[in-house]
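Asker: Return atomic coordinates for the entry below.
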Amino acid sequence: MNAAIPDLTRKVAVVTGATGGMGQVIAADLVHAGAHVITIARNPARADALRAHIGPQAANRLEVIPGDLSQRAGVIAAAKTIQNRHDQVHILINNAGAHFSEHRVSADGIEMHIALDYLAAYGLITLLDEPLRRGQARVVNVASDTLNDTRQIKLAGKPRPATLELAGIDDLTELNPAAGFAPFEAYARAKLMTVTAGYALARTLAADGVTVNALHPGIVATDIIDDLVPPLLRPMRTLIRRSLLTPAEGAASATRIAADPAMTGVTGRYFNRDTQSSTPPVSHDPTTQQRLLALSLTHFAG
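Answerer: The predicted structure is shown next:
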């Protein structure tokens, strides 16, 4: 267990993306700290592996809800199950995410980076609004600093932040289209959307003591890294992984924001590991924030 996590007995925590990599460590650390941890899993075998990783305590303090968070129906069903079973949620760590090397769309026609890396988090925050408020929850959205620089090889030149142009966009199906699709930029844009919406949701939820922060946990040696390594560097992939943070090191930043008493009341921030950092100006633009929230609300209401 991460020694920095306080006693979380009688606390309810929702952790997405908990069946592998950093999420598995986060879930285990929270269970071992006494929390009742809920995760949503699409693959039963990986859910069983998570139980085995946590050990005997998983029998009483790990709750697995079957579901696919890349689909609107999956997010809605998972949120409804959680709300029916738990009056309060005290921690929500939106860690689910993936990088897709080719253009793919979800069952709802949404490009997969946006569906999984953004809408799953937005959906759980808004659909669990009441239990989050009752639990004065801490919400942690796991992002990526690719939103500040979409260059895969940073040898020269200035950073190239992700873009989010919503003028003229009437539906989220129009974002990250197949024409001109650039996987790394699509991934970064979805993470930028998560941070942008998070800033607005932090203001909305603050009156009830809910905090919403975003986190770049560092470059962690998880499966997603294999997809993010540019083709030129793939022969060196094993060496690159050895130089990266371990999943436990990445998880420590997430659990700190979610549980450290020193983070009480801190909201609407973006952290690069343990350091508060900045995000592109568009993420702070009120018009962009409100347009994104409106499009996202329509998606879940449709």
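
Asker: would you list every one of the strands in this protein?
Answerer: 12-15, 36-41, 62-66, 91-94, 138-142, 211-216, 270-272, 275-277 (DSSP state E).

Asker: Nearest to residue 22, out of the ones you listed?
Answerer: strand 138-142 (7.7 Å; Cβ to Cβ). From N, CA and C alone the C-beta is placed, and that goes for glycine too.

Asker: Pull up the pairing partners for that closest one, direction included.
Answerer: Applying DSSP bridges, strand 138-142 is found paired with strand 91-94 (parallel), strand 211-216 (parallel).

Asker: Would you format these as a markdown table with distance to residue 269, mean neighbour count and mean pLDDT included?
Answerer: Shown next, in a markdown table, are these (distance: least, Cβ to Cβ, whole Å; neighbours: other Cβ atoms under 10 Å; pLDDT from 0 to 100):
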| stretch | distance to residue 269 | mean neighbour count | mean pLDDT |
| --- | --- | --- | --- |
| strand 91-94 | 15 | 28 | 98 |
| strand 211-216 | 5 | 26 | 97 |
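
Asker: nearest to residue 273, of those?
Answerer: That would be strand 211-216 among those, by Cβ to Cβ, at 6.9 Å.

Asker: Using PDB, list the CA coordinates for that closest one.
Answerer: Extracted C-alpha coordinates of strand 211-216, given in PDB (Å, rounded to 0.1, in the frame of the first residue of the first chain):
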ATOM      1  CA  THR A 211     -13.200  19.100  -6.300                       C
ATOM      2  CA  VAL A 212     -12.200  18.400  -9.900                       C
ATOM      3  CA  ASN A 213      -8.600  18.300 -10.900                       C
ATOM      4  CA  ALA A 214      -6.600  16.900 -13.800                       C
ATOM      5  CA  LEU A 215      -3.300  15.100 -13.700                       C
ATOM      6  CA  HIS A 216      -0.500  14.200 -16.100                       C
END
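
Asker: what's next to that strand, contact-wise?
Answerer: For strand 211-216, the external contacting residues (Cβ atoms under 8 Å, 6 or more residues apart in numbering) are 125, 137-145, 194-195, 198-199, 201-202, 205, 253-254, 257, 263, 265-273, 277, 279.

Asker: Taking these, please make a PyMOL selection of just the buried ones.
Answerer: PyMOL command restricting the contacts of strand 211-216 to the buried ones, with burial defined by 16 or more other Cβ atoms under 10 Å:
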select buried, resi 125+137+138+139+140+141+142+143+144+145+194+195+198+199+201+202+205+253+254+257+263+267+268+269+270+271+272+273+279
